[in-house]
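Enquirer: turn this into a model:
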Amino acid sequence: MRSIVLSTKEFQYLFNILLIHHKEIIEKINFVKEKDNVVITLDDDTTFNIWQLATDNIALHFDENYEPTEEGWILEHFIDKFYF
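Expert: Alright, predicted model coming up:
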């Protein structure tokens, strides 16, 4: 099992956007809200699935200057945080 610390904004993006159509992944995630963060606990397969979704979606979130948009930054953080 892995524990990953997300900001509240990252957590909301994860559950409300990235995983919106992936209930089977959401069901495998445990989370605890702290002050400004949310600590999620998940197994290696679920971690990899989220990493893969972030990797698949990041190309869609760059501006005309090839800079990441706000969503692009969140996805880049996910790629770093969920990589193992």
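Enquirer: any idea of the mean pLDDT for the lengthiest helix in the chain?
Expert: If you go by DSSP state H, the chain has its longest helix at helix 44-57. In this model, helix 44-57 has an average pLDDT of 97.
Enquirer: got the buried residues for it?
Expert: Thr46, Thr47, Asn49, Ile50, Trp51, Leu53, Ala54, Asn57 (16 or more other C-beta atoms under 10 Å). Backbone N, C-alpha and C define where each C-beta goes, glycine included.
Enquirer: which residues does the residue nearest to the first one when sequence neighbours are not counted contact?
Expert: By the measure of C-beta to C-beta, 6 or more residues apart in numbering, the closest residue to Thr46 outside its immediate chain neighbours is Lys28, 4.5 Å from it. Neighbour list for Lys28: Leu42, Asp43, Thr46 [criterion: C-beta atoms under 8 Å, 6 or more residues apart in numbering].
Enquirer: now render the residues you listed as JSON lines, adding distance to Phe15.
Expert: As requested, the contacts of Lys28 are arranged in JSON lines below (distance: C-beta to C-beta, whole Å):
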{"residue": "Leu42", "distance to Phe15": "13"}
{"residue": "Asp43", "distance to Phe15": "17"}
{"residue": "Thr46", "distance to Phe15": "13"}
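Enquirer: okay, now the nearest residue to Thr69 once chain neighbours are set aside: neighbour count?
Expert: Once flanking residues are discounted, Thr69 sits nearest to His61: 4.8 Å by C-beta to C-beta, 6+ apart. Around His61 there are 15 other residues, counting by other C-beta atoms under 10 Å.
Enquirer: and what of Val32?
Expert: 10.
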